[in-house]
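A.B. asks: Just need the structure, nothing else, for what follows:
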Amino acid sequence: QVQLVESGGGLVPVGGSLRLSCVATGFPFRITSMAWFRQSSGKARELVASITSGGNVEYVNSVKGRFTISRDNAKKMILLQMNDLRTEDTAHYYCARATAGSAWDWGQGTQVTVSS
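C.D. replies: Have a look, this model is predicted:
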């Protein structure tokens, strides 16, 4: 059974930092591409950052230079370090694993709220 459990969200002021964690179980983590998505009220879910099994990373332009995705295969975990947070980063953040056919499985998510 696939499980993706996120933690680390919260309320922070503009310019602050948070680190999101996701623990993954139920699938071969080491060979699976992983990602963080986010969805804010009234908007579509968007891919924020991804990391392949080989460690290649990609980011949406709006977070480049501020967010860092990483993975720890021994702990079956991915992280998202978020620095210099902006009000527009406020969203529900979801951990995701890549599946066949370019689809994704998501966790329940964790809320990030950036206050001005």
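A.B. asks: Next, the residue nearest the centre of the chain: secondary structure please.
C.D. replies: When the chain is reduced to its mean C-alpha position, the closest residue under Cα atoms, centre = their mean turns out to be W36, at 2.5 Å. Following DSSP: H, G, I helix; E, B strand; the rest coil, we place W36 in the strand state.
A.B. asks: Which residues does it form beta bridges with?
C.D. replies: Each beta-bridge partner of W36 is listed here, defined by DSSP bridges: A49, C95.
A.B. asks: For it, give its distance to S50.
C.D. replies: Taken as Cβ to Cβ, to the nearest Å, the spacing of W36 relative to S50 amounts to 8 Å. Any C-beta I mention is one placed from the backbone N, CA and C, and that applies to glycine too.
A.B. asks: Same question for V57.
C.D. replies: For V57, the distance to S50 - Cβ to Cβ - is 7 Å.
A.B. asks: do I31 as well
C.D. replies: 15 Å.
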